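Visitor: test case, fold it:
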Amino acid sequence: MSIGIIGSGALGGGFARALALKNIPALISSQRGPDSLREVVVKTGPSIKPASVSEAAQADIVLIAVPWLKLSTALRDLPSWNNRIVIDASNPVKILTADSPEAKDPSNPLASYLLEAIDLQGEVSSVAVAKLVPGARVVKAFNHLEAALLADPKTAVGPRVMFYCGDEPNAKAEVARLIKNLDLFGVDLGSLAAGGRLTQFPFGPLSAINFIKA
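Guide: Model prediction:
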């Protein structure tokens with residue numbers, strides 16, 4: 001199966017490096033265009049190629065690694081998803097600058113991380129993302145583990161755990177196979193709504209925890 005990545009920041013780049021270590025080909029894209037990614041792919045490895053967002057979005061499996069507030073723009077006017085698999089790796093947080101009022105707000109529990117939680121009025125983030133990619137089979141994964149650890153999947157004790165969830169069994173099976181190929185230990189958390197609530201950062205009880213399968 002072909003793989004596309006929308007987003008070339010810490011998460012998109014970390015996922016690309018994990019694929020490159022296993023010599024798994026993929027297209028990586030950015031809103032800035034493929035020419036902006038030449039240096040990124042040189043450092044990542046020959047199996048990763050730069051592409052436009054539209055080209056990356058036509059892969060069989062597409063990982064979305066875009067900041068929450070840019071999702072609507074990044075996913076607008078893309079080709080029909082036609083039942084392809086979308087891996088939602090996003091989290092509902094706003095990235096702050098150090099001099100912003102929110103970063104200095106004592107009532108913001110994420111201020112020291114230069115983040116602010118976005119209130120979704122009770123909606124699970126992956127369910128919201130699914131509405132932006134009509135016709136896709138959405139699986140939530142790769143959002144709860146620190147991006148840098150994706151390229152370091154094994155420890156002296158055992159593989160790192162990667163949670164995933166979704167509503168379509170065949171799509172989950174394909175993502176589970178990819179997780180295994182990256183030497184991570186996949187754990188199925190069930191439906192998109194139930195599992196997504198457990199792993200979405202910042203307040204999901206399983207988010208931002210580096211579990212090891214001993």
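Visitor: now do the contacts for Pro92.
Guide: Shown in contact with Pro92 (Cβ atoms under 8 Å, 6 or more residues apart in numbering): Trp68, Ala117, Ile118, Leu120, Ser125, Ala128, Gln200, Phe201. For the C-beta atoms, the positions are set from N, CA and C on the backbone; glycine is no exception.
Visitor: how does it look with 10 Å?
Guide: 68-69, 71, 116-120, 123-126, 128-129, 200-203 (Cβ atoms under 10 Å, 6 or more residues apart in numbering).
Visitor: inside helices: which ones of these?
Guide: Taking DSSP state H as the definition of helices, the contacts of Pro92 contribute Leu71, Ser125, Ser126, Ala128, Val129.
Visitor: report the contact partners of the second one.
Guide: The one in question is Ser125. 68, 71, 88, 90-93, 118, 140, 143, 192, 196-197, 199-201, 204.
Visitor: please apply the same query to the last one.
Guide: In this structure, Val129 makes contact with 64, 66, 68, 71, 75, 86, 88-90, 92, 136, 138, 140, 192, 196, judged by Cβ under 10 Å, 6+ apart.
Visitor: which of those residues are buried?
Guide: 64, 66, 68, 71, 75, 86, 88-90, 92, 136, 138, 140, 192, 196 (16 or more other Cβ atoms under 10 Å).
Visitor: of those, closest to Ser8?
Guide: Within those, proximity to Ser8 (Cβ to Cβ) peaks at Val66, which comes in at 9.7 Å.
Visitor: other SSEs contacting the helix or strand of the chain with the lowest mean pLDDT?
Guide: Sorting the helices and strands of the chain by mean pLDDT, DSSP states H and E puts helix 38-44 at the bottom, at a mean of 85. In this structure, helix 38-44 packs against helix 10-21, strand 26-29, strand 48-51, with contacts taken as 3 or more Cβ pairs under 10 Å, 6 or more residues apart in numbering; DSSP states H and E.
Visitor: and the second one, what other elements does it pack with?
Guide: The reference is to strand 26-29. strand 3-6, helix 10-21, helix 38-44, strand 48-51, helix 53-56, strand 61-64.
Visitor: can you list the strands that that strand pairs with?
Guide: Here strand 26-29 is paired, per DSSP bridges, with strand 3-6 (parallel), strand 48-51 (parallel).
Visitor: restricted to strands, list the buried ones among the contacts of Val129.
Guide: If you go by DSSP state E, the buried ones among the contacts of Val129 have Ile64, Val86, Asp88, Val138, Lys140 in strands.
Visitor: residues touching the last one, list them.
Guide: Taking Cβ under 10 Å, 6+ apart as the contact definition, Lys140 lies against 86-90, 124-127, 129-130, 163-166, 172, 175, 189, 191-193, 195-200.
Visitor: go again with 7 Å.
Guide: Neighbouring residues of Lys140 by Cβ atoms under 7 Å, 6 or more residues apart in numbering: Asp88, Ser126, Tyr164, Cys165, Gly166, Leu192, Gly195, Gly196, Thr199.
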